[in-house]
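> The following comprises the amino acid sequence and a computationally predicted model.
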Amino acid sequence: MRRVLTHLMLAALLASTLGAAPGQQYGPSAKQSPANAPKAPASKKSEKPYQVGKASWYGKQFHGKETASGESYDMFRFTAAHPTLPLGSWVRVTNLRNRKSVIVRVNDRGPVVPGRIMDLSYGAAQVLDFRAKGVEKVRLDVVQVPELAQNQNRLVAGNGN
């Protein structure tokens, strides 16, 4: 139970970090004058998403079973099933109804329902606030390792506002 609560707390912190402004500065460099302030990176909204479509989640009936990657499925971890992305890929999933986001690791193949682009773990779907129906329109953006590390560093530094 303690492990589940820890994962949920980390998910909430990670989700709040993803909502930070793209050009926001942390630490001593935040006090620079506007004249020598670094330029903000290009907005994520201008980049083309990897994929947009319907996603669902899977949970209890698969908990503990082997995934395509060979690891046991843990419905509380932030993982997902995708038909073509390489296993081990990191993906930012944004719920287009409420703009909540979470970063998941692809460790399985699916979904098996036609017309869906991703199956999320129960824990990831909870962070994204999926409705009772369990299917939402989402945007998928493949996340590079440095971007993921930057978000984790913000959490560790306590700047996950």
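That came through, no problem. Residues are numbered from 1 along each chain as shown.
> pretty sure G88 is touching G70, no?
No. Look at G88 against G70 with CB atoms under 8 Å: they stay out of range, at 11.3 Å. Placement of C-beta: from N, CA and C, glycine included.
> mind saving the C-alpha coords of stretch 61-75 as PDB?
What follows is stretch 61-75, C-alpha atoms only, in PDB (Å, rounded to 0.1, in the frame of the first residue of the first chain):
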ATOM      1  CA  GLN A  61      -7.600  -8.700 -14.700                       C
ATOM      2  CA  PHE A  62      -4.000  -8.200 -16.200                       C
ATOM      3  CA  HIS A  63      -2.200  -7.300 -12.900                       C
ATOM      4  CA  GLY A  64       0.800  -9.500 -12.400                       C
ATOM      5  CA  LYS A  65       0.600 -11.000 -15.900                       C
ATOM      6  CA  GLU A  66       3.600 -10.900 -18.200                       C
ATOM      7  CA  THR A  67       3.800  -7.900 -20.700                       C
ATOM      8  CA  ALA A  68       5.300  -8.000 -24.200                       C
ATOM      9  CA  SER A  69       8.600  -6.600 -22.600                       C
ATOM     10  CA  GLY A  70       8.800  -9.600 -20.300                       C
ATOM     11  CA  GLU A  71       8.100  -7.700 -17.100                       C
ATOM     12  CA  SER A  72       5.000  -8.200 -14.900                       C
ATOM     13  CA  TYR A  73       2.200  -5.800 -15.400                       C
ATOM     14  CA  ASP A  74       1.700  -3.500 -12.400                       C
ATOM     15  CA  MET A  75      -1.600  -1.600 -12.800                       C
END
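> So which residues lie in contact with it, not counting its own?
With contact meaning CB atoms under 8 Å, 6 or more residues apart in numbering, stretch 61-75 is reached by 58-60, 79, 81, 87-88, 107-109, 121-123.
> and if we set it to 7 Å?
Outside stretch 61-75, the residues within contact range by CB atoms under 7 Å, 6 or more residues apart in numbering are 59-60, 87, 107-109, 121-123.
> which of the residues in it are buried?
62, 67, 73-75 (16 or more other CB atoms under 10 Å).
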